[in-house]
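J.: after the sequence you'll find the predicted model.
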Amino acid sequence: MRKLALSDEILMSVEKPARYIGGEVNAVMKEKEKVDIRFAMCFPDVYEIGMSHLGIQILYDMFNQREDIWCERVYSPWTDMDQVLREKNIPLFALESQEPVKKFDFLGITIQYEMCYTNILQILDLSQIPLRAEERTKEHPVVIGGGPCAYNPEPLADFFDLFYIGEGETQYFRLMDLYKEWKRSGLPRKDFLKQAAQIPGIYVPSLYDVVYKEDGTIASMTPNCPEAPEKVKKQIVEDVTDTFYPRKPVVPFLKATQDRVVLEIQRGCIRGCRFCQAGMLYRPTRERDVSMLKSCAEEMLKNTGYEEISLSSLSSSDYSKLGELVEFLIETCGARGINISLPSLRIDAFSLDVMGKVQDVKKSSLTFAPEAGSQRLRNVINKGLTEEVILQGASQAFEGGWNRVKLYFMLGLPTENEEDMKNIAWLAEKIAECFYDVPKEQRNKRCQIVLSTSFFVPKPFTPFQWAQMCTKEEFLHRAYVVNHEIKEQKNKKSIKYNWHEADVTVLEGILARGDRRTGKAVRRAYEKGCLFDSWSEFFKNDLWMEAFRECGIDTDFYTTRARALDEIFPWDFIDIGVNRAFLEREWKRAQEGTVTPNCRQSCSGCGASVLGGGICHEHQD
Amino acid sequence: MNIRIKFRKYGPMKFISHLDVMRYFQKVIRRADIDICFSEGFSPHMIMSFAAPLGLGLTSEAEYVDIRVNRTLPSEEAIRRMNETMAEGMDVISFRLLPENSKNAMSIVAAADYEVRFRKGYEPGDGWQERWLEFISQTEIPVLKETKKGHQEVDIRPWIYDCSVKDKALDLQLSAGSVHNLKPELLMYAFGVWANREIPSSALLIHRKEIYANQGSEDDRVLISLENLGEDIE
């Protein structure tokens, strides 16, 4: 019987003790004496969120296939447990062995969103690992970060020994082998870091010096030792079919946010929306072979017992064998009472037909993401969706029995004017009118249109990386304009409007394009008590703003400032394949409102083809 | 065909709530490929019902869940298949066919056996056993029970069916089910109040040993374990 790290008294005193006991179905147990490397894989948020993340399940499975490695999991202790661990001085432990993380060889942290940065410090702190990488010794684990926020790792540079830039399936084994060799050699920690820097995709922040200009922008970022490359190249899996994919993912006892089998059908996106970071970072688009997906689906359902399976990708409708795959799933799952969930579908006749087959039309709603209200602005952001297509899709849906529609927009996009904002309300009104145009006997009694707007945050490696971000007041003003305009509409009673918090958006903006200097404020905010910033009930904007002030950081520098075309950005040392000339071209075309074709229509020469694989090397129609 | 499954829950699994155990069993059924029946309708669910929820932190060697199946495997085979995919700390002990038209477990629960021990260092003072015998020999044990309308005083003495004191533990047989459900936690709380001794809930180690149906009458009980209402499948 496994021995738990915490006593019954502690576990009975906190909310959801199942978060801390491990022992789930498919969790991997090994004998610690028989492995060379112990890897703690962490998602810095609460268990139910962290357990929903596919990337960790992929890497967990990959590492544990090696006999010499035991990979375990760690999540952020919830605030009640955080308090207990601090009071009783209990070091944070991994779920499988229930042993302290500080005894491990590696602590790997996936960095999925900016609002988890204070949680990363919590993980280090509770693990009793020095927050600053430079204070760590051979006794401490190597702390490595990965995931989308690692593409601008600079705000976190002080806290990590290494960052992994790209897809984990490619270089981790090399890093592990190197580590084993180094461990045997008895050489200083710094030697390992220097050797690691020579593995493609590995960024060692301590091996680079940054010099700033008087105006605060970067003058240069240069390696301070010969081992560190000038540019760190993103690593990708060329063949996403013949690679690691977990056939036996860990099944949590608690209801996780993503409580289902997740089938990642492809990586990357052909669309090239100019605000979308994922669309640029994960280029080129690579599809998994449909026969691999079929066998994965069957095995994973069998091994987990889940009652639902969901497809995952940035744009499922663009997967070339979607029809075949969905047909297979309907056949396999239908009789066994397994639900199929199809997110990120374009609304057209095909998808409505499929959705009608796999879900209860009466209970489900349809989602459109026009992102901008007017065609003009949709051209600016290169969102290919036209009003005609949206209205046609909505009409078909209403005829098919749906009566709930969700619409997602962004406010604060570059060049947005008042007319664009009002168009959001007008589009909702037109959709409502489509509903009432359907003959009474063919439709439901009334329709419900839920409009949601988020505020636009410019992200690194997008054509909008140069863009000025709105102030909080400007964001709220724009939401007010939309809200006011909705009230002017004939069908206002059918339209519900939600908008996102503005404070947290501004903070996200600061950190997204932050540099090394912003890391001081992250630490300061953490020390002041900021934690779980992505949870609105815990977000403390005042403390964050105090932290920036105390660190002498002018937040406008990172958000509202206009950036010169030739400015050196903190993330410029990373090579994601997509090159700066392309991003610059796209930034100019955005301002002209010129649309760029998607990767399947024609190649726009973004640069990702140098990475090999995927759509760049397929026949294009 | 209705099947009654008996399982144990021990070790770290005591921290899995009843709701999560229900979800867990749905997955076990799928992993073991048990040919369970689904309800009609657009979102069909498994026909499955649990006898009596077990509180968080309690262990048990007699939990029950009833399922309806289209066809069944021999008991031994079904048990093996399910246990192959179970998490450590939960295992299936029996898989029995119920007679036609038998009532489901939840509706027939009448009593349960518990063993109550005190966690080391949390015994409620010397001589607690004598105090307990005194406590239990009362003809009435009034307790304030929380109801929807606030607090109500009820006499729980009639719901204590049997009790014996061991060196360091109590064996209790208590009324259970939908009519009078007496939780051992409540009884121990009442004892603490009566004896003027502090018994925090974290002091107790409670283990459920059996659940029974009553085949006699209210006054003349004939208790039979839920398991014994079914038969092994060859």
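T.: Now that the structure is in, tell me what you want to look at. Residues are numbered from 1 along each chain as shown, chains lettered A, B, ... in the order given.

J.: what's the closest non-adjacent residue to residue A:360?
T.: residue B:42 (4.4 Å; C-beta to C-beta, 6 or more residues apart in numbering or on different chains). To be clear about C-beta, it is placed using only N, CA and C from the backbone, and glycine gets the same treatment.

J.: assign the residue of the stretch 451-600 of chain A found nearest chain B to helix, strand or coil.
T.: The minimum distance from the stretch 451-600 of chain A to chain B, using C-beta to the nearest C-beta, falls at residue A:535 (21.9 Å). Judged by DSSP: H, G, I helix; E, B strand; the rest coil, the three-state class of residue A:535 is coil.

J.: okay, now the domains of the chain?
T.: No chain specified, so I'll use chain A. A:8-233, A:361-500 (automatic domain parsing).

J.: look at chain B instead
T.: According to automatic domain parsing, the ranges for chain B are B:2-107, B:108-226.

J.: what about the longest one and chain A, touching?
T.: Yes - for domain B:108-226 and chain A, the contact criterion (C-beta under 8 Å from any C-beta of the partner chain) is met by B:119, B:201, B:202.

J.: buried subset of those?
T.: residue B:202 (16 or more other C-beta atoms under 10 Å in any protein chain shown).

J.: re earlier: among the domains of chain B, which is nearest residue A:596?
T.: domain B:2-107 (42.3 Å; C-beta to C-beta).

J.: next one, pLDDT for the residue nearest to residue A:360 please.
T.: If you check residue B:42, the pLDDT there is 71.

J.: what is the burial count for whatever residue of the stretch 51-200 of chain A ends up closest to chain B?
T.: The stretch 51-200 of chain A approaches chain B most closely through residue A:98 (9.3 Å), counting by C-beta to the nearest C-beta. Neighbours of residue A:98 under the rule other C-beta atoms under 10 Å in any protein chain shown: 18.

J.: hmm, residue A:1 and it touching each other?
T.: No - taking C-beta atoms under 8 Å as the definition, residue A:98 is not a contact partner of residue A:1, at 11.6 Å.

J.: hey, which helix or strand in chain B has the poorest pLDDT?
T.: When the helices and strands of chain B are scored by mean pLDDT, DSSP states H and E, strand B:142-147 comes last with a mean of 84.

J.: residues touching whichever residue of the stretch 251-400 of chain A sits closest to chain B, list them.
T.: Nearest residue of the stretch 251-400 of chain A to chain B (C-beta to the nearest C-beta) works out as residue A:305 at 3.0 Å. Residue A:305 makes contact with A:25, A:251, B:26, B:27, B:28, B:29, B:30, B:31, B:85 under the criterion C-beta atoms under 8 Å, 6 or more residues apart in numbering or on different chains.

J.: do that again at 7 Å, thanks
T.: A:251, B:27, B:28, B:30, B:31 (C-beta atoms under 7 Å, 6 or more residues apart in numbering or on different chains).

J.: for it, which non-adjacent residue is spatially closest?
T.: Using C-beta to C-beta, 6+ apart, the nearest residue to residue A:305 is residue B:27, at 3.0 Å.

J.: CA atoms only: put stretch B:213-230 into CSV for me.
T.: Only the C-alpha atoms of stretch B:213-230 are listed here, as CSV (Å, rounded to 0.1, in the frame of the first residue of the first chain):
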residue,chain,number,x,y,z
ALA,B,213,-31.7,-5.7,4.5
ASN,B,214,-34.5,-6.5,6.9
GLN,B,215,-36.5,-9.5,6.0
GLY,B,216,-38.5,-9.5,9.2
SER,B,217,-40.6,-6.7,10.6
GLU,B,218,-39.9,-3.4,12.2
ASP,B,219,-40.0,-4.9,15.7
ASP,B,220,-38.7,-8.4,14.9
ARG,B,221,-35.8,-7.8,12.6
VAL,B,222,-34.3,-10.6,10.5
LEU,B,223,-31.2,-9.0,9.0
ILE,B,224,-29.6,-10.5,5.9
SER,B,225,-26.5,-9.0,4.2
LEU,B,226,-27.2,-7.5,0.8
GLU,B,227,-24.7,-9.9,-0.7
ASN,B,228,-26.6,-12.9,0.4
LEU,B,229,-29.7,-11.8,-1.5
GLY,B,230,-27.9,-12.8,-4.7
